[in-house]
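> what shape does this take:
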Amino acid sequence: MTAPFLPEVIRPEGRSGVIFLCDHASNHIPPEYDGLGLDPAVLDRHVAWDIGAAEVTRRLAGAFNAPAVLTTVSRLVLDVNRFLDDPASMPGRSDGIEVPGNRRADATEHQARAARIFHPYHAAVDRRITALVAAGLHPAVVSVHSCTDRMDGRHRPWHIGVLHALNDRLATPLLGRLRGVPGLVVGDNQPYSLKTMRGYTTDIHAERRGLPYVALEIRQDLIATPDGAAIMAGLIAAALSAALAGLD
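Numbers count the residues shown, from 1 in each chain. Here you go, the predicted structure:
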């Protein structure tokens, strides 16, 4: 059996009231996939990963002494935040860029990638959440993403978006706290809405478990450097701490 690509797990034994997840932490394409036939320059772009999201995730996990799970393979190989029946799970085209290595792949290859990437990641997430619940906690799930500042020729004004679906127990107080930060432009289900977009991670691990959660979409130009990531992580940590305290 081909070895799985295990996710990065930070503080696996942490017993905080929150867990941080980063679905698109890496732009790494393992050698056996021959770069998916892409120009290597593509790997520096947002289509390959969520730029800055891993750094923010690590800093938030440190601030809360909380567990975190991060992917170690590019979303172009397999997107762990897509349901496996979604064509975007193994995209043949992403934001106008052809992905030849995926266009040539068949259903058997898709299943093989799911076994190596998708299932190990979500099993690790499930283990961490199950451990927190067993410890008597009702952990909040915070999924960290980043987005481009421009899409389809349109500028995105939001510095950070707070995404949620039916369960807005954490989203509502977090929105209020973030909107109190001077100069910070905050979107409610912007630039995407989890009410209309299928997001596997928050749906399966939080919404269906009845856990408080949010998915954060941070504008990547604000967190592309370590200094920028540190500033945004600090703002989020302060707002999130206050929002979580209100759930008790």
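
> for this structure, where's the lowest mean pLDDT among helices and strands?
Of all helical and strand segments in the chain, the minimum by mean pLDDT, DSSP states H and E falls on strand 150-151, at a mean of 73.

> and that strand, how far from the chain's centre?
Remark: strand 150-151 is offset 19 Å from the chain centroid, using CA atoms, centre = their mean, to the nearest Å.

> ok, it: who's next to it in the sheet?
Its sheet considered, strand 150-151 pairs with strand 154-155 (antiparallel) by DSSP bridges.

> so which bits of the top helix by length along the chain are buried?
Longest helix of the chain, by residue count under DSSP state H: helix 226-245. By neighbour count with 16 or more other CB atoms under 10 Å, helix 226-245 contains the buried residues 228-229, 232-233, 235-237, 239-240, 243-244. All C-beta spots, glycine's among them, are computed from the backbone N, C-alpha and C.

> list of residues touching the least confident helix or strand of the chain?
156, 191 (CB atoms under 8 Å, 6 or more residues apart in numbering).

> low-confidence ranges in the protein?
Within the chain, the ranges that satisfy pLDDT under 70 run 1, 152-153, 248.

> where do the helices sit along it?
For the chain, applying DSSP H gives helices covering 53-64, 100-103, 107-113, 119-134, 171-179, 200-202, 226-245.

> now distance to Asn27 too, for those, in CSV please.
Listed next are the helices of the chain as CSV, based on distance: least, CB to CB, whole Å:
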stretch, distance to Asn27
helix 53-64, 10
helix 100-103, 15
helix 107-113, 16
helix 119-134, 16
helix 171-179, 28
helix 200-202, 19
helix 226-245, 16
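
> out of these, nearest to Leu43?
Distance to Leu43, taken as CB to CB, is lowest for helix 100-103 among the helices of the chain, at 12.8 Å.

> what helices or strands is the closest one leaning on?
Contact partners of helix 100-103 among helices and strands, from 3 or more CB pairs under 8 Å, 6 or more residues apart in numbering; DSSP states H and E: none.

> my guess is Asp79 contacts Pro91. True?
Yes. Judged on CB atoms under 8 Å, Asp79 makes contact with Pro91 at a distance of 7.1 Å.

> what's the first-to-last distance across stretch 80-100?
Start-to-end span of stretch 80-100 (CA to CA, to the nearest Å) is 20 Å.

> ditto for stretch 159-171
16 Å.

> would you mark the buried spots in that stretch?
Buried residues in stretch 159-171, counted by 16+ other CB under 10 Å: 159-165, 167-171.

> restricted to strands, list these.
With DSSP state E as the criterion, strands contain 160-163 from among the buried residues of stretch 159-171.

> adding distance to Val181 as columns, could you present those in TSV?
Below are these laid out as TSV (distance: CB to CB, whole Å):
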residue	distance to Val181
Ile160	9
Gly161	14
Val162	13
Leu163	18
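
> looking at those, which is nearest Val214?
Nearest to Val214 out of those is Val162 (CB to CB; 5.4 Å).

> so how far is Ile218 from the closest one?
Applying CB to CB, to the nearest Å, the value for Val162 to Ile218 is 10 Å.
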